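Asks: What follows is a predicted structure for the sequence shown.
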Amino acid sequence: MQPWWKKPQVAGNAAFLLLRSLAATLRIKIEKHPAMDHNRTYLFAFWHGKQFLPGVTLVKLHKTPNFVLVSPSRDGDILTVYLKKFGYNVLRGSSRDNNVRALIIMKKQLEQGVSIGFGTDGPIGPIYEVKPGVVYLSKKCNVPIIPVGSAFSSHWTFNKAWDKFEIPKPFAKAGLFLGEPFLVTADMEIKDACAELNKRIAFSEQQAQLLL
């Protein structure tokens, strides 16, 4: 029998209380490209290890219903509880499991006017390498991608994790940069769009660092 403290509901609620308290101490500065409209549908693209700041800010900042893709794993079960407490709707799927089903569900949601956030190099890497799911959805659904960058003046890094996940230290400065909307047009090759989005996320990361 699983110990009570390892149950996803318990771990997810504990993570929410801890990280919400931590987020409240941060000095956050946000900058967005002038072409971005917080009332329309987007795909938000960020690195898997940099999802903390987008996670605690976008649900309040962006006005459309906000969904997040979460892998169908035990860690995903915990993350689902945590994200729902923050106010997100959760879609389960990944590039490893149920990927076709997840893409179909996300396509239907986008057509209904929701926005979706992606850790674009997840769920297992390689780190800082865009997977094709987000650009495929942009192309098929005619929905622009917002390349998201985040940075902290001081943070902890989980070096043993494949994504080098970052958690800010209390009272750190935080910078969030929302880049120019990028629409994958019908004539673009998926691999070329992935390469372009890689560059745009890297640029947003640089701009976020400048906000500190």
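Replies: Done, it's in. Numbers count the residues shown, from 1 in each chain.
Asks: okay, now residue 109: neighbour count?
Replies: Using other C-beta atoms under 10 Å, residue 109 is surrounded by 19 other residues. The way it works is simple: take the backbone N, C-alpha and C, and place the C-beta from them, glycine included.
Asks: Can you tell me the element residue 84 falls in?
Replies: Using DSSP states H and E, residue 84 sits within helix 74-86.
Asks: and for the next helix or strand after that helix, what are the contacting residues?
Replies: Scanning the chain past helix 74-86 towards its C-terminal end, the next helix or strand to appear is strand 89-92 (assignment: DSSP H and E). Contacts to strand 89-92, defined as C-beta atoms under 8 Å, 6 or more residues apart in numbering, come from residues 65-72, 76, 80, 83-84, 98, 102, 105-106, 109, 114, 116.
Asks: again, only this time at 6 Å
Replies: Applying C-beta atoms under 6 Å, 6 or more residues apart in numbering, the external contacts of strand 89-92 come out as 67, 68, 69, 70, 72, 80, 83, 105.
Asks: Now it: buried residues?
Replies: By 16 or more other C-beta atoms under 10 Å, the buried positions in strand 89-92 come out as 91, 92.
Asks: now it: how far from the chain's centre is it?
Replies: Its chain's C-alpha centre lies 12 Å from the corresponding centre of strand 89-92 when counted by C-alpha atoms, centre = their mean, to the nearest Å.
Asks: buried residues in the following helix or strand past it?
Replies: Elements were assigned by DSSP H and E; along the chain past strand 89-92, the next helix or strand is helix 99-111. Of the residues in helix 99-111, those buried by neighbour count under the rule 16+ other C-beta under 10 Å are 102, 103, 105, 106, 109, 110.
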